[in-house]
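Visitor: Have a look; sequence and predicted model below, questions after that.
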Amino acid sequence: MSAFRGLLRKEALHILRDRRTLAVVIFMPILQVILFGYAIRTDISRIRLAIVDPSPDAATIELRNRFTATDAFRVVRVLPSAGTLDRLFASGAIQEAIVLDGDFANRLARGLTARVLVVADASEPNSGSAMESYALAVIQGYERDIAARGGAVRIVPEARMRFNPTRASANLFVPGLIAFVLTIISALMTAISLTREKETGTMEILLVSPLKPLEIIVGKVLAYLVIGFVSVLLVVAEARLVFAVPLRGSLMLLLGEGVLYILTSLSLGILISSRTSSQRVAMIGALAGTMLPTILLSGFIFPIESMPWPLRAIANVVPAKWFIVIARGVMLKGVGLEYLWPQTLILLGMTVLLVAAATRSFRIRLA
Amino acid sequence: MNAVTVEALSKRFADVVALDAISLEIAPGELFGIIGPDGAGKTTLFRILVTLSVPDAGRATVLGRDVVTDLWELRRRVGYMPGRFSLYPDLSVEENLSFFASVFGATIEAQHDLIGPIYDQLAPFKDRRAGALSGGMKQKLALCCALVHRPEILFLDEPTTGVDAVSRRELWELLDRLRNTGLTIVVSTPYMDEADRCGRVALIQRGKLLGIDVPDRIAASFGRPLFAVRAAERYRLLIATREFANAATVFPFGDVLHYTDRRDGVPPERIARELREHLQARGFADAEVQETRPTIEDTFMARMGEPERAA
């Protein structure tokens, strides 16, 4: 058996023996995608809504039914007057209120403009405006339908608002999520792999062997690549099955790019590992070095285009930025390497640089 | 050509001098002991010799190769067993061994003539994880791993520390057998009573060399009559003996005290008689005083007190 194959076999045994870590590494991405996938949605559902309807009749009940019928709203109160709204908002019992005029039906029937007041809890500005536009869209739909039936309602200019909340945000976030969970898992795995040898003292005996730093580093990266690949498979499957994210491009290309991205992250981890001496420091370094840049500077949540130029410049060295472009391209736009080769080359280049840096900072002697 | 040549080797860590201008030579085929208490500098010296560390001053060669510049060649040819158990606890006995064999492009089978005697003792546990072995078994496995590539010289840093008495004896027997194959072995130990197992020993203390010689001559170099003093109440006996007007040194040694006299040229029988009378006068009716052969430990203790006499 050659030295390098022996090394690979040994790393594989380490991974297989540590069942608990293996389970965490494989199932964590799945769990994270679900948690993040549901947590980071900009669209809102089940908004707690109060409707103030001072003079209920067929017309107002039809409007009320439209709110009840959509998933976006949950009508929790129907009130005769607006008097108690303040208290309900303050206690959080409702997030939004629709206040109808007392002569709502009357005015509609006479072809006059009926007034509807929409009040939304804007303590979170984004959700506030989202809730407001949902309500307006429901009201506009109602207005349009009456007009279609020949009712004398003034046509209001249409503000298009599509109701497909779950899918819209999942499409945007899941490719970014894949990048996020793969980065953290991969970087963490390799970050502790070298430091563990330093802590258990086995590094001492590994160093006195003829193994070259590059062999040790590449051996560790390759062994973890297999686990990383399993993660990619699971997470991509999950994106399809749970979030129904389309896969318009080639699956093989997506998996291949996933492997490349994992290699980049593993190399980042090993660089951290070669520069630290304890597992704890390496772990903190890997988390700090991957988590924040991947969340904030990759375009995962916040669009890079709207950042000031220094941040845009920094974002260029965040590997996740390039992988997210690739993943969105393959999954949503269905494009192939003919468009994605620059990003692919950048990830390849980063991997080579990181491995070279790790090899350089690998100390061939004890301190 | 010497197997090991060390010339004025020095190494310091922050404000601690680990090695202070140490020089020694080890011939091929020797079983050479480096003996000294914890913190004497044994591990630092070993790490420099196996290319894991760089000296601040001085020079060292192993197998004729410089330990600083010829690092990659030496790493192929040297066997090293660190003081701390340094195998993979999550891998089995066999997996550890075949990993280290593969690193050097060797196989367990091909090395059977060399490691066989040790490996046969481990064979019943070959599927057990290394972390679950007893202390003695761990050391035997580590020794196997250090030998699996047929090194030309073997460095063992405190192989008997933390190992039970039976395993210690077995380990020394194994080293003896390895020496008979012509392998040069350098071994360190904090236990003075293991010095006799070595062909030659170097005594070191606080980074300084106190002497190098064959064990018997080191013991013989003590140079003064030495007496073993024995009585039932050892602690009171120590105080009473130290109060004897002519006492030079009094140390507890096993279950007796070792005593030297400050006077030169007095016949040993007279010293023994005078000391016995002194002790009997202090109420130690059962006190025995006999001249005894100095051991390496006596020499070590004596030289520790007067480092300027170092060889």
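Guide: In hand now; what should we look at?
Visitor: in stretch A:320-336, what's buried?
Guide: Of all the residues in stretch A:320-336, those buried under the rule 16 or more other Cβ atoms under 10 Å in any protein chain shown are A:320-332, A:335. The C-beta positions use only the backbone N, C-alpha and C, and glycine is treated the same way.
Visitor: Which single residue of chain B ends up nearest chain A?
Guide: residue B:102 (2.6 Å; Cβ to the nearest Cβ).
Visitor: Give the burial count for the residue of the stretch 51-200 of chain A at minimum distance from chain B, as a bare number.
Guide: Closest residue of the stretch 51-200 of chain A to chain B, Cβ to the nearest Cβ: residue A:200 (7.1 Å). Counted by other Cβ atoms under 10 Å in any protein chain shown, the residues lying close to residue A:200 total 18.
Visitor: And for residue A:5, the neighbour number?
Guide: Residue A:5: 11 surrounding residues under other Cβ under 10 Å.
Visitor: What does the pLDDT read for it?
Guide: What the model reports for residue A:5 is a pLDDT of 90.
Visitor: can you map out the strands along the chain?
Guide: Reading this off chain A. Secondary structure of chain A (DSSP state E): strands at A:47-52, A:73-79, A:96-100, A:116-120.
Visitor: Can you look at chain B instead?
Guide: Using DSSP E, strands in chain B cover B:4-13, B:16-26, B:31-35, B:57-62, B:65-66, B:78-81, B:153-156, B:184-189, B:200-205, B:208-213, B:226-230, B:247-253, B:256-261, B:288-292.
Visitor: Kindly provide the distance from residue B:272 to residue A:326.
Guide: For residue B:272, the distance to residue A:326 (Cβ to Cβ, to the nearest Å) stands at 92 Å.
Visitor: can you check residue A:67 too?
Guide: 41 Å.
Visitor: ok, now residue B:150?
Guide: 50 Å.
Visitor: how about stretch A:17-29, does it reach chain B?
Guide: Yes. Stretch A:17-29 is in contact with chain B by Cβ under 8 Å from any Cβ of the partner chain, via A:17, A:18.
Visitor: Contacts for that stretch, please.
Guide: A:15-16, A:181-182, A:185, A:189, A:227, A:230-231, A:234-235, B:90-91, B:129 (Cβ atoms under 8 Å, 6 or more residues apart in numbering or on different chains).
Visitor: how about a cut-off of 7 Å?
Guide: A:15, A:181, A:182, A:185, A:189, A:227, A:230, A:231, A:234, A:235, B:90 (Cβ atoms under 7 Å, 6 or more residues apart in numbering or on different chains).
Visitor: Can you turn the buried part of the residues you listed into a PyMOL selection?
Guide: In PyMOL, a selection of the buried entries from the contacts of stretch A:17-29 looks like this (16+ other Cβ under 10 Å):
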select buried, (chain A and resi 15+181+182+185+189+227+231+234+235) or (chain B and resi 90)
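Visitor: now the contacts of stretch A:17-29 in TSV, with pLDDT?
Guide: Shown next, in TSV, are the contacts of stretch A:17-29 (pLDDT from 0 to 100):
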residue	pLDDT
A:15	89
A:181	82
A:182	85
A:185	82
A:189	85
A:227	86
A:230	88
A:231	86
A:234	88
A:235	86
B:90	92
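Visitor: Spell out which parts of chain B neighbour chain A.
Guide: B:47, B:50-54, B:72, B:75-76, B:78, B:80, B:82, B:84, B:86-88, B:90-91, B:95, B:99, B:102-105 (Cβ under 7 Å from any Cβ of the partner chain).
Visitor: now those residues: which count as buried?
Guide: For those, a burial check counting by 16+ other Cβ under 10 Å picks out B:47, B:50-53, B:75, B:78, B:80, B:82, B:86-88, B:90-91, B:95, B:99, B:102-104.
Visitor: Quick one, grab the pLDDT at the residue sitting nearest the centre point of chain B.
Guide: With distances taken as Cα atoms, centre = their mean, chain B has residue B:189 as the residue nearest its mean C-alpha position (2.7 Å). With respect to pLDDT, residue B:189 scores 92.
Visitor: For it, which residues are in contact?
Guide: Residue B:189 neighbours (Cβ under 7 Å, 6+ apart): B:33, B:35, B:158, B:160.
Visitor: Pick out the lowest-pLDDT one from these.
Guide: Out of the contacts of residue B:189, that is residue B:160, at 89.
Visitor: ok, it touching residue B:170?
Guide: No. The criterion here is Cβ atoms under 7 Å, and residue B:160 misses it with residue B:170 at 10.1 Å.
Visitor: More neighbours: those two, which one.
Guide: Between residue B:160 and residue B:170, counting by other Cβ under 10 Å, residue B:160 is the more crowded of the two (24 against 17).
Visitor: Show me which residues of the stretch 251-367 of chain A sit near chain B.
Guide: A:365, A:366.
Visitor: Which residue ranges of chain A form helices?
Guide: A:3-17, A:19-39, A:58-69, A:85-91, A:104-109, A:125-148, A:165-200, A:202-207, A:213-241, A:251-275, A:279-296, A:309-315, A:319-328, A:337-361 (DSSP state H).
Visitor: count of neighbours near residue A:299?
Guide: Other residues near residue A:299 come to 21 when the count uses other Cβ under 10 Å.
Visitor: before we move on, could you check phi and psi at it?
Guide: Residue A:299 adopts backbone torsions of phi 80, psi 10, taken as degrees, to the nearest 10.
Visitor: Look up the pLDDT of residue A:155 for me, please.
Guide: pLDDT, read off for residue A:155, is 33.
Visitor: Find the nearest non-adjacent residue to residue B:11, please.
Guide: Spatial nearest neighbour of residue B:11, excluding adjacent residues (Cβ to Cβ, 6 or more residues apart in numbering or on different chains): residue B:19 at 4.4 Å.
Visitor: Perfect, I'm done here.
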